[in-house]
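Engineer: Structural data only, the sequence is not supplied:
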């Protein structure tokens, strides 16, 4: 939740409205995030260049994180850093992030290091 | 003023009455009495019921691995429950596969001991102890990797096999309100019983690694438990291929020194992957082991060699380097330590070279 003081439902509703305004869906964004994750994991820590001039790098870490929504199992720790080298815009996400976008429409609260602002996500994933 | 005083007295009396009721309820209703815990059909313990199986076993000095301190999130504390234990709790379901549920595997921190219970646990868990130690050395290995040397105080000695791990307790500190346990492979050889070494990589935002890098000092007391795990060399004298990256070095540093001390002469090639030269460590030490063990070869490889000056060693992803060096039809055992992605990719390469799955052994970062 980061430092976000809004109720969870408000965060989810606001991000849903933004995702819809951007002309995409949670599922479409999660699918693209999953593709970036797979490509970065396969590169084993080395930077990988993706499509429209983006770079992604995966840092692994020992352990697993449970889904905070409960009932969804555990996910590997580790994070992907996805960047636009031209603008320097960067987002960080984890395997759990992908799941929460896909299954719960949750992009995390403001102030969370893994907050996925939908507009930034669309720019960096070049979808929508 | 009088009415305020009366109100306070009434509320205090009601609160006191409710508290007394709770105490009585706990004493007479939630009092499960003494429960028998039968372990592996052989050992029987008597313990007061009412706590989780994980806590109850810990109170009897039997330590089941747990990274989350019993909060039902890490899924490490799995135990086979043969009798008793009650129905599977909703909090356990997402952490158990269908096969595990069919085999009566349970998440021991979510199983409440209310009556007699029979369980199966790996016999090596009987050797697990809780230790107090003192940090005697903190050495920088790279910009994001430290080596901790911990002298054991109570008990003062540990027995383990090279490849096993311990759980280090990060205490509460500013930004982390409660203790957490994290698993680290022991990187020192088993011959040194009064102290252990750990290799710890800084994980941005990580609770334990932030404590180690920002707060822990030489002379500080630490707690840990162990040893755990089944990663380690088999008894065979087959040729070996080792593959690791980053802090995956830790178990191999223990195993390699153990081999040198015992005069093991098996042929062994150790492929170690790093990004750049500044991510390499213990290179001189492994070159020294190559001199001591003629059959041992250390091959570090960089996937981003362009940064940090001239590099005339191997380059590329570690799996590509393995592919170049391992000959088709090699008869060997493979030992791998690292992320799931690295292990999966390395196994594919090794399988293509003719090394069967049953001769591959992992210590996976999960």
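Structural biologist: Structure received. Everything numeric in this text was worked out from a predicted model, so none of it was measured. Residues are numbered from 1 along each chain as shown, chains lettered A, B, ... in the order given.
Engineer: Check the offset of the lowest-mean-pLDDT helix or strand in chain A from the chain's centre.
Structural biologist: Scoring the helices and strands of chain A by mean pLDDT, DSSP states H and E places strand A:54-66 at the bottom, with a mean of 85. Computed by CA atoms, centre = their mean, to the nearest Å, the chain-centroid distance of strand A:54-66 equals 12 Å.
Engineer: helices and strands around the helix or strand following that strand, which ones?
Structural biologist: Once the chain leaves strand A:54-66, the next helix or strand it forms, by DSSP states H and E, is strand A:74-83. In terms of contacts (3 or more CB pairs under 8 Å, 6 or more residues apart in numbering or on different chains; DSSP states H and E), strand A:74-83 is packed against helix A:26-42, strand A:54-66, strand A:90-93, helix A:95-104, helix A:118-125. Glycine gets a C-beta too; all of them are placed from N, C-alpha and C.
Engineer: Sheet-wise, list the partners of strand A:74-83 with their directions.
Structural biologist: Strand pairing for strand A:74-83, determined by DSSP bridges: strand A:54-66 (antiparallel), strand A:90-93 (antiparallel).
Engineer: Looking at those, which is nearest to residue A:109?
Structural biologist: strand A:90-93 (14.3 Å; CB to CB).
Engineer: Please work out which residues outside that closest one touch it.
Structural biologist: Strand A:90-93 has contacts (CB atoms under 8 Å, 6 or more residues apart in numbering or on different chains) with A:33, A:37, A:79-84, A:113-114, A:116-117, A:120-121, A:124.
Engineer: how does it look with 6 Å?
Structural biologist: Strand A:90-93 is contacted from outside by A:79-83, A:114, A:120, A:124, using CB atoms under 6 Å, 6 or more residues apart in numbering or on different chains.
Engineer: Adding neighbour count and pLDDT, write these out as CSV.
Structural biologist: Below are the contacts of strand A:90-93 laid out as CSV (neighbours: other CB atoms under 10 Å in any protein chain shown; pLDDT from 0 to 100):
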residue, neighbour count, pLDDT
A:79, 22, 91
A:80, 23, 94
A:81, 16, 95
A:82, 23, 95
A:83, 18, 94
A:114, 17, 91
A:120, 16, 94
A:124, 24, 93
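Engineer: Which single residue of chain A ends up nearest chain B?
Structural biologist: Closest contact between chain A and chain B, by CB to the nearest CB, is at residue A:60 (3.5 Å).
Engineer: How many residues are close by the residue lying closest to that residue once chain neighbours are set aside?
Structural biologist: Closest residue to residue A:60 apart from its sequence neighbours, by CB to CB, 6 or more residues apart in numbering or on different chains: residue B:339 at 3.5 Å. By the criterion of other CB atoms under 10 Å in any protein chain shown, residue B:339 has 25 neighbours.
Engineer: Run through the residues of the stretch 51-200 of chain B sitting next to chain A.
Structural biologist: Taking CB under 6 Å from any CB of the partner chain as the contact definition, the stretch 51-200 of chain B meets chain A at B:73, B:75, B:94.
Engineer: partners of residue B:222 in the sheet?
Structural biologist: Those that pair with residue B:222 in a beta bridge, by DSSP bridges, are residue B:133.
Engineer: Just confirm it contacts residue B:131, I think it does.
Structural biologist: No - contact criterion CB atoms under 6 Å: residue B:222 and residue B:131 do not qualify, at 8.6 Å.
Engineer: Switch the strands paired with strand A:74-83 over to CSV; also include mean neighbour count and distance to residue B:158.
Structural biologist: What follows is those, written out as CSV (neighbours: other CB atoms under 10 Å in any protein chain shown; distance: least, CB to CB, whole Å):
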stretch, mean neighbour count, distance to residue B:158
strand A:54-66, 21, 21
strand A:90-93, 20, 38
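Engineer: Nearest to residue B:126, out of the ones you listed?
Structural biologist: strand A:54-66 (25.0 Å).
Engineer: quick one: contacts for the closest residue to residue B:65 other than its chain neighbours?
Structural biologist: On the basis of CB to CB, 6+ apart, the spatially nearest residue to residue B:65 that is not a chain neighbour turns out to be residue B:76, at 4.5 Å. By CB under 6 Å, 6+ apart, the contact list for residue B:76 reads B:65-67.
Engineer: What of residue B:363?
Structural biologist: Per CB under 6 Å, 6+ apart, neighbours of residue B:363: B:231, B:251, B:337.
Engineer: My read is that the last one contacts residue B:243, right?
Structural biologist: No - when contacts are counted by CB under 6 Å, residue B:337 is not listed as touching residue B:243 (7.7 Å).
Engineer: Between these two, which is the more surrounded one?
Structural biologist: residue B:243 (31 against 26).
Engineer: can you confirm the more buried one is in a strand?
Structural biologist: Yes - assessed with DSSP: H, G, I helix; E, B strand; the rest coil, residue B:243 lies in a strand.
Engineer: Spit out the contact partners of it.
Structural biologist: Shown in contact with residue B:243 (CB under 6 Å, 6+ apart): B:271, B:336, B:346.
Engineer: Next one: it from chain A, what distance?
Structural biologist: When distance is defined by CB to the nearest CB, to the nearest Å, residue B:243 is 11 Å away from chain A.
Engineer: Mind listing the residues bridging to that residue?
Structural biologist: Assigned bridge partners for residue B:243, using DSSP bridges, are residue B:271, residue B:336.
Engineer: picking that back up, take the helices and strands packed on strand A:74-83 and write them to CSV, including distance to residue B:190.
Structural biologist: Compiled in CSV, these are given as follows (distance: least, CB to CB, whole Å):
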stretch, distance to residue B:190
helix A:26-42, 34
strand A:54-66, 22
strand A:90-93, 39
helix A:95-104, 35
helix A:118-125, 48
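Engineer: If I average pLDDT within each of those, which one is lowest?
Structural biologist: Per-stretch mean pLDDT for those is lowest at strand A:54-66 (a mean of 85).
Engineer: contacting residues around it?
Structural biologist: Contacts of strand A:54-66 (CB under 6 Å, 6+ apart): A:36, A:40-41, A:47-50, A:74-75, A:77-85, A:96, B:73, B:203, B:339, B:365-366.
Engineer: what pLDDT, on average, does stretch B:178-194 get?
Structural biologist: Taken as a whole, stretch B:178-194 has an average pLDDT of 94.
Engineer: Just the terminal-to-terminal distance for it.
Structural biologist: Separation of the first and last residues of stretch B:178-194 by CA to CA, to the nearest Å is 28 Å.
Engineer: Please identify the buried residues of it?
Structural biologist: Applying a neighbour-count criterion of 16 or more other CB atoms under 10 Å in any protein chain shown, one finds B:180-190, B:192 buried in stretch B:178-194.
Engineer: need the helices for the stretch 151-300 of chain B, in chain order.
Structural biologist: Assigned by DSSP state H, counting those that start in this stretch, the helices in the stretch 151-300 of chain B fall at B:207-214, B:249-262, B:283-292.
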